[in-house]
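Peer 1: Mind folding the following:
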Amino acid sequence: MTDAPDIAMDPPGGFPSGGVMTVLREMIGVVVLLLVVRAAEPLFFGEGFYATLSAHPYWILVILASAQGGILTGVLTAAFAALVMDWPPRPIGVDITAHYVSAAIVPVQWLLAAIVIGAFRQQQIRHEMQLAAEVTRLTGMVTDFAQEIELLDQEIITLELRAATGADLQPPKAGDNPTPPVGDADPDAGMTVAGAA
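Peer 2: Below is the predicted model of the structure:
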């Protein structure tokens with residue numbers, strides 16, 4: 001019977017080796033959206049507008065990427081969002097370490113959210129892959145059973161034809177009496193013998 005194909009899993013992302021192109025397409029879409037959102041700030045709102053918001057707009061993209069693609073896509077999205085983020089300038093008199101630690105709180109939150117949401121989504125992806133493998137295995141079994149049933153039907157038809165033609169066309173064996181049974185004897189022949197007597 002046909003066995004289900006083995007699905008190779010990449011440990012970092014937990015996606016099939018054949019799904020690398022899917023991850024790349026997702027990342028390209030996320031990068032384009034990030035660049036569009038980043039370009040919209042100076043064009044429509046002015047530099048530093050996103051920093052004044054209680055929730056950065058990149059949150060939406062990080063959550064969507066993690067919920068759709070899993071851990072790998074979510075973490076890469078969070079990392080790229082941190083790179084293109086409009087980091088606020090350091091105020092005068094503020095320690096540089098304290099400033100960047102404070103500014104890095106939001107990117108770290110993105111990363112943690114991507115890990116948590118991505119891990120949940122990753123379990124769903126693995127479950128879906130297992131179901132797909134099981135469907136493939138069962139489909140192969142059904143196909144094999146159908147082929148075996150078809151072969152058995154053909155064999156039965158062949159045996160029936162052989163039995164029918166063998167009964168009609170089988171030649172008489174040596175030693176068999178070729179004389180027909182008494183009930184099938186010609187009555188005219190019997191009358192002729194009786195008249196002659």
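
Peer 1: Could you check how far the nearest residue to Pro91 once chain neighbours are set aside is from Gly48?
Peer 2: Here the nearest residue to Pro91 in space, its sequence neighbours aside, is His99; by C-beta to C-beta, 6 or more residues apart in numbering that works out to 7.3 Å. Heads up, the C-betas are built off the backbone N, CA and C, glycines and all. Computed as C-beta to C-beta, to the nearest Å, the His99 to Gly48 distance reads 15 Å.

Peer 1: Same check on Glu150?
Peer 2: Between Glu150 and Gly48 the computed distance is 73 Å (C-beta to C-beta).

Peer 1: Just give me the longest helix of this structure.
Peer 2: helix 105-169 (DSSP state H).

Peer 1: Packing partners of it?
Peer 2: With contacts defined as 3 or more C-beta pairs under 8 Å, 6 or more residues apart in numbering; DSSP states H and E, the secondary structure elements packing on helix 105-169 are helix 58-69, helix 71-84.

Peer 1: Looking at it now, give me its mean pLDDT.
Peer 2: Helix 105-169 comes out with an average pLDDT of 89.

Peer 1: quick one: it to chain centroid distance?
Peer 2: Remark: helix 105-169 is offset 10 Å from the chain centroid, using C-alpha atoms, centre = their mean, to the nearest Å.

Peer 1: What angle do helix 71-84 and that helix make with each other?
Peer 2: 150 degrees (axes from the mean of the first three to the mean of the last three C-alpha atoms, to 10 degrees).

Peer 1: quick one, helix 105-169 and helix 58-69 angle?
Peer 2: For helix 105-169 against helix 58-69, the angle by the same axes, to 10 degrees is 20 degrees.

Peer 1: and Glu41, what is it in contact with?
Peer 2: Glu47, Phe49, Tyr50, Asp86 (C-beta atoms under 8 Å, 6 or more residues apart in numbering).

Peer 1: Three-state assignment for it, please.
Peer 2: Secondary structure assignment for Glu41 (DSSP: H, G, I helix; E, B strand; the rest coil): helix.

Peer 1: Please report the distance of it from Ile156.
Peer 2: The value you get for Glu41 to Ile156, if C-beta to C-beta is used, is 76 Å.

Peer 1: try Ser54
Peer 2: With distances taken as C-beta to C-beta, Ser54 is found 77 Å from Ile156.

Peer 1: Just want to know which of these two has more residues nearby.
Peer 2: Per other C-beta atoms under 10 Å, whichever of Ser54 and Ile156 has more neighbours is Ile156, with 10 against 4.

Peer 1: And the more buried one, how far from Thr165?
Peer 2: Here Ile156 is placed at a distance of 15 Å from Thr165 (C-beta to C-beta).

Peer 1: returning to that earlier point: okay, His99 and Gly48: which has more neighbours?
Peer 2: Just comparing His99 and Gly48: by other C-beta under 10 Å the higher neighbour count belongs to His99, 15 against 12.

Peer 1: pretty sure that one contacts Gly93?
Peer 2: No - counting by C-beta atoms under 8 Å, His99 sits too far from Gly93 to count as a contact (10.3 Å).
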